[in-house]
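Undergrad: Fold the following.
(2 chains)
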Amino acid sequence: MSPFIGYVVASALVPVGLPLLVAWLYTRIHRLRFRPHLLLGGGQLCFFSITLSLINISQVVAVRGRDGMKPWAAIVLGFIAILAAAVWVIGIAETVGPGVPSDETKVRITRYSAYVAGAAIIGGGMFRWLAGLF
Amino acid sequence: MQSYTSDKWHVSVPLSTEMSTVRGASLGTLIASGIAVASVAVLGPTVVIPSLITIAGGSTGAVIGYLSRKRHEPTPDASSASSQGEIRKIKS
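TA: All right, here's what the predicted structure looks like:
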């Protein structure tokens, strides 16, 4: 397995896909409707994005040499981590605010956190590539 | 506009400024990160340009999201709709 495929599998497919697969199997067994926004509407993907971004920063900074790129990796991936935190806070604020949160709000949180998670995977992969980790 | 089939009412509710801003920022960052990777593939191992593309994409998306915060949202019934914003009946 190439390092790039290993990164995609280990950082995206398994951490995100495995819980969703188990949830899908559970709903199939109990004949329930599979609704991902009920699982991810609390901003769970934002925690994933923050963790992935910080891990990638630490691994890129730990590479010997290539000192010119390390500040940029910290800035860009830190930006993505802060954005993920903002999405989570604002999404939760909408959910716990006055009134019953609609399914539409949870769908929105799920969608926006998925955007940030995609950016964290792509951006982290790009800097790992530039750092010679692939 | 999204459809709500259990009744025949739709309402236009402004998306909150914060949600609209993070929507633009998250989508802008995702698109910009893809463009940044493409720029590395084209330009070679450069760091500054893809980094600036990613940050600029997120910032621009946030500004666009902030400026365009009007959005339609379905509501389950007419009484709650009338308290939230503009309401109209769908022609059958």
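Undergrad: For the rest of this, base every contact and every neighbour count on C-alpha atoms.
TA: Noted.
Undergrad: check contacts around whichever residue of chain A sits closest to chain B.
TA: Closest residue of chain A to chain B, C-alpha to the nearest C-alpha: residue A:119 (4.5 Å). The contact partners of residue A:119, taken as C-alpha atoms under 8 Å, 6 or more residues apart in numbering or on different chains, are A:80, B:29-31, B:33-34.
Undergrad: need the contact list for residue A:133.
TA: Contacts for residue A:133 were tallied using C-alpha under 8 Å, 6+ apart; they are residue A:3.
Undergrad: which parts of chain A sit against chain B?
TA: A:69, A:72-73, A:76, A:79-80, A:83, A:86-87, A:90-91, A:104, A:112-113, A:115-116, A:118-119, A:122-123, A:126, A:130 (C-alpha under 8 Å from any C-alpha of the partner chain).
Undergrad: that older thread, so which helix or strand takes in the residue of chain A closest to chain B?
TA: Assessed by DSSP states H and E, residue A:119 sits inside helix A:103-130.
Undergrad: Give the rounded mean pLDDT of that helix.
TA: For helix A:103-130, the mean pLDDT works out to 91.
Undergrad: buried set for that helix?
TA: A:105-130 (16 or more other C-alpha atoms under 10 Å in any protein chain shown).
Undergrad: And stretch B:48-58, by the same measure?
TA: B:50-58.
Undergrad: What sits closest to residue B:31 if chain neighbours are left out?
TA: In this structure, residue B:31 finds its nearest non-sequential neighbour in residue B:57, 7.4 Å apart by C-alpha to C-alpha, 6 or more residues apart in numbering or on different chains.
Undergrad: Can you list the helices and strands that the host helix or strand of that neighbour packs against?
TA: Per DSSP H and E: residue B:57 is located in helix B:48-67. Judged by 3 or more C-alpha pairs under 8 Å, 6 or more residues apart in numbering or on different chains; DSSP states H and E, helix B:48-67 is in contact with helix A:70-96, helix B:17-43.
Undergrad: hmm, 10 Å instead?
TA: Applying 3 or more C-alpha pairs under 10 Å, 6 or more residues apart in numbering or on different chains; DSSP states H and E, we find helix B:48-67 packed against helix A:70-96, helix A:103-130, helix B:17-43.
Undergrad: and it, what's its mean pLDDT?
TA: For helix B:48-67, the per-residue pLDDT averages 94.
Undergrad: Okay, angle between it and helix A:70-96 too, please.
TA: 20 degrees (axes from the mean of the first three to the mean of the last three C-alpha atoms, to 10 degrees).
Undergrad: the inter-axis angle of helix B:48-67 versus helix B:17-43?
TA: 160 degrees.
Undergrad: Can you get me a residue count around whichever residue of chain B sits closest to chain A?
TA: The nearest approach of chain B to chain A comes at residue B:30, 4.5 Å away (C-alpha to the nearest C-alpha). Applying other C-alpha atoms under 10 Å in any protein chain shown, we find 28 residues neighbouring residue B:30.
Undergrad: same question, the one 10 residues further on
TA: Around residue B:40 sit 17 other residues, with neighbours defined as other C-alpha under 10 Å.
Undergrad: ok, now residue A:22?
TA: Neighbours around residue A:22, by other C-alpha under 10 Å: 11.
Undergrad: for residue A:5, same thing?
TA: The burial count assigned to residue A:5 is 11, neighbours taken as other C-alpha under 10 Å.
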